[in-house]
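Q: Prediction below, plus the sequence it came from.
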Amino acid sequence: MSTQRKTYVVVGGVAGGASCAARLRRLDEHAEIIVLERGPYVSFANCGLPYYIGGVIEDESKLLVATAELFISRYAIDVRPENEVLSIDRERQLVRVRRRQDGSEYEIRYDALVLSPGARPIRPPLPGIDRPGVFSIRTVPDSRAVRAWIEDRQVRDAVVIGGGFIGLEMAENLHRRNIRVHLIELAPQVMPPFDPDMAAHMHAQMVEAGVEVLVDEGAEAFEDAGPRIAVRTSRGRKLVCDLVILAIGVQPESQLAKDAGLTLGPRGHVHVDACMRTDDPHIWAIGDAVEVTDHVRRAPTAVPLAGPANRQGRIAADSILGREMPFRGVQGTAVCGAFGLTMACTGSNLRALAQAGIDDVGVVETHPTDHVTYYPGAKRFHLKLLFARSDGRILGAQAVGEGDVARRIDVISMAMQLGGTVEDLEQAELCYAPQFGAAKDPVNMAGMVAGNVRRGDLRLGPRWDEFEVDPGHGSAPPFIVDVREAFEFGASPLPGAVNVPLSQLRERVAEVPADRPVLVTCGVGQRAWNACRCLVQNGRDARLLSGGFQSWQAHEKGRGFAGREG
């Protein structure tokens with residue numbers, strides 16, 4: 001028995017739209033599937049654009065994930081580049097389309113419409129922002145234009161505005177081309193998704209590489225400086241350069257949805273249900289243009305990442321074909337490699353949790369190596385785990401270092417998605433061989449420390465960023481004891497601490513007062529944990545300063561970098 005042939009129209013390609021179209025074909029061999037892409041390429045790797053500019057990716061064609069010809073030959077999908085959707089007639093289920101090459105217009109009737117318009121770079125209305133040499137990076141033609149500008153103008157100095165993921169990647173790739181880089185970030189730190197102490201490691205690495213990093217500072221105007229550009233900042237500086245890269249962020253391309261009367265969120269993102277359906281039963285929306293649910297805070301949010309967009313495309317296709325598989329929300333799991341360091345995160349940071357009114361937060365910081373130290377090449381990294389003290393639920397994690405950082409965050413991200421707790425991290429069975437990890441993987445170790453806190457075996461003192469605040473132990477000031485060996489303490493003393501090495505603690509326990517709270521620290525926290533257990537069982541109110549001296553250094557760097565250049 002024959003059924004009427006359906007027509008599915010997908011507006012926009014790249015990660016979400018292309019994924020949706022391919023999934024639709026696998027589920028419905030007989031449907032007519034049309035992809036309308038405003039630009040020249042239906043599916044390209046926009047995450048690779050900074051590396052094409054930097055010369056890591058030499059061949060532009062490598063950025064093209066799938067061509068229109070491939071979609072036609074492999075999937076029998078009608079892909080139409082350079083075709084822009086002008087309007088949606090919801091009552092008649094029509095889209096009006098303009099061919100950008102000749103300006104002619106036509107209509108298509110749809111049974112199901114999927115909006116995957118993406119997002120556009122933020123270009124604030126600053127004086128001179130449209131002058132030549134001020135670029136945003138979003139498409140292959142954008143990156144081609146920047147490469148041509150660098151080569152034609154023999155660029156020596158560049159200003160990157162924005163210290164997030166794209167800003168750092170652009171700074172590194174310009175630096176790789178022997179271009180002096182000045183980076184401006186309006187926030188008090190680079191990489192705002194991370195807590196300041198974690199971001200401080202990258203800030204320091206960039207400064208060491210020769211990048212001028214200006215935080216707590218914004219661009220206010222772009223002025224002529226002969227053949228060059230002068231960037232005027234909010235602190236009165238003028239940075240003279242040959243090239244400006246805007247990496248401020250993106251905003252949703254939701255005007256088409258707005259004009260069609262679809263519901264938008266407060267920041268202009270298209271509102272969808274868990275199956276990516278809009279408030280029109282025949283229209284779905286996916287990718288950077290939609291509002292989704294934050295997995296941790298259970299609040300509306302938007303995360304412009306390729307991974308969620310790809311999954312949303314599949315979910316929308318399933319929903320169109322009657323398969324209801326809800327999208328689980330986003331955790332913001334992301335990674336950035338720049339200047340020899342890798343930064344990765346998942347879930348919420350402390351600032352976001354505080355803004356959401358989540359205050360029952362435990363924080364543990366560890367500084368493991370990515371594999372056992374007896375095997376050559378072990379690299380230390382910094383791992384921070386945030387969890388709910390009440391039930392152990394994982395709220396977020398951040399890591400930065402030279403080692404295998406992303407794998408650890410991936411494990412924690414998966415545990416979070418399944419509603420995992422710190423006890424689950426303790427028990428996680430992970431790969432071990434000397435060159436890959438340890439019998440107690442860093443993920444296990446972070447879970448064990450947090451589990452000790454939850455069970456009451458380990459009491460935490462104030463976080464290092466709260467260290468100057470009364471920790472709430474009463475009027476008596478805390479006694480700070482550093483249990484590193486004397487030579488370590490002498491080389492890098494902790495202000496206000498008394499040195500009682502762990503190797504001598506049992507013989508010198510009387511030197512630690514029993515009538516005052518005791519805060520214990522060491523290099524990375526492991527010896528201090530053992531010292532806390534000893535002191536508690538000797539009648540002391542001992543609490544751990546999590547992460548030890550290395551965490552204190554990171555917090556001090558974070559405080560020092562805020563509001564000044566590197």
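A: In hand now; what should we look at? Numbering: from 1, shown residues only.
Q: What count of nearby residues applies to the closest residue to V270 other than its chain neighbours?
A: Leaving aside its chain neighbours, V270 sits nearest to A285 (4.2 Å; criterion: CB to CB, 6 or more residues apart in numbering). All C-beta spots, glycine's among them, are computed from the backbone N, C-alpha and C. Number of residues near A285 (other CB atoms under 10 Å) recorded here: 30.
Q: Hmm, V114 and A285 touching each other?
A: Yes - judged on CB atoms under 8 Å, A285 makes contact with V114 at a distance of 7.2 Å.
Q: where does the residue nearest the centre of the chain land on pLDDT?
A: In the chain, the residue lying closest to the centroid (CA atoms, centre = their mean) is A334, at 4.0 Å. Looking at A334, its pLDDT is 95.
Q: I'd say it and T342 touch.
A: No - here A334 does not reach T342: they are 11.3 Å apart, not a contact under CB under 8 Å.
Q: Can you work out which residues contact both of these two?
A: Listed as contacting both A334 and T342 by CB atoms under 8 Å, 6 or more residues apart in numbering is no residue at all.
Q: What separation do you get for G163 and I245?
A: G163 sits 12 Å away from I245, going by CB to CB, to the nearest Å.
Q: correction: T373
A: For T373 relative to I245 (CB to CB), the value is 40 Å.
Q: For those two, work out which one has more neighbours and name it.
A: When neighbours are counted by other CB under 10 Å, T373 and I245 differ, and I245 comes out ahead with 27 against 12.
Q: Need phi/psi at the more buried one.
A: In terms of degrees, to the nearest 10, the main-chain angles of I245 are phi -110, psi 120.
Q: what sits against it?
A: For I245, the contact set (CB under 8 Å, 6+ apart) comprises F135, S136, I137, V146, A158, V159, V160, I161, G167, M170, L174.
Q: Which elements pack onto the strand or helix carrying the fourth one?
A: In other words, V146. Assigned by DSSP states H and E, V146 falls within helix 140-153. Contact analysis of helix 140-153 by 3 or more CB pairs under 8 Å, 6 or more residues apart in numbering; DSSP states H and E lists helix 49-53, strand 134-136, strand 243-246 as its packing neighbours.
Q: how does it look with 6 Å?
A: helix 49-53 (3 or more CB pairs under 6 Å, 6 or more residues apart in numbering; DSSP states H and E).
Q: Show me what the very next helix or strand once past the helix it packs on is packed against.
A: Counting by DSSP H and E, the next helix or strand C-terminal to helix 49-53 is strand 64-66. Counting contacts by 3+ CB pairs under 6 Å, 6+ apart, strand 64-66 packs against strand 43-44.
Q: Please enumerate residues in contact with the strand it packs on?
A: G13, V14, A18, L63, L64, V65, A66, V140 (CB atoms under 6 Å, 6 or more residues apart in numbering).
Q: ok, of the residues you listed, which one's closest to N349?
A: V14 (27.7 Å; CB to CB).
Q: Could you check which helix or strand contains Q504?
A: helix 502-505.
Q: Hmm, I typed the wrong one, I wanted D318.
A: Residue-wise, D318 maps onto helix 306-320 under DSSP H and E.
Q: wait, V270 sits on G287?
A: No - using CB atoms under 6 Å, V270 is not in contact with G287, being 9.5 Å away.
Q: Name the residue in the two with the higher neighbour count.
A: A side-by-side neighbour count of V270 and G287, using other CB under 10 Å, places G287 first with 32 against 29.
Q: quick one, strands of the stretch 201-350 of the chain?
A: Assigned by DSSP state E, counting those that start in this stretch, the stretch 201-350 of the chain shows strands spanning 212-215, 219-225, 228-233, 238-241, 243-246, 250-252, 270-271, 283-285, 290-293, 300-301, 334-338, 341-347.
Q: Could you dump those into CSV with distance to I72 added?
A: As requested, the strands of the stretch 201-350 of the chain are exported to CSV (distance: least, CB to CB, whole Å):
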stretch, distance to I72
strand 212-215, 47
strand 219-225, 43
strand 228-233, 43
strand 238-241, 44
strand 243-246, 35
strand 250-252, 29
strand 270-271, 28
strand 283-285, 23
strand 290-293, 28
strand 300-301, 36
strand 334-338, 33
strand 341-347, 38
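Q: Backbone torsions only: list them for the nearest residue to E324 once chain neighbours are set aside.
A: In space, and not counting its chain neighbours, E324 is closest to C275: 5.6 Å by CB to CB, 6+ apart. Backbone torsions of C275, given as degrees, to the nearest 10, read phi -100, psi 20.
Q: count of residues packed around C275?
A: Each residue near C275 was counted by other CB under 10 Å, and the total is 17.
Q: Name all residues that make contact with it.
A: S319, E324, P326.
Q: could you flag which of those residues are buried?
A: S319 (16 or more other CB atoms under 10 Å).
Q: which one of the contacts of C275 sits closest to T233?
A: Nearest member of these to T233, counting by CB to CB, is P326, at 45.4 Å.
Q: Quick check, pLDDT for that closest one.
A: Predicted confidence (pLDDT) at P326: the value is 93.
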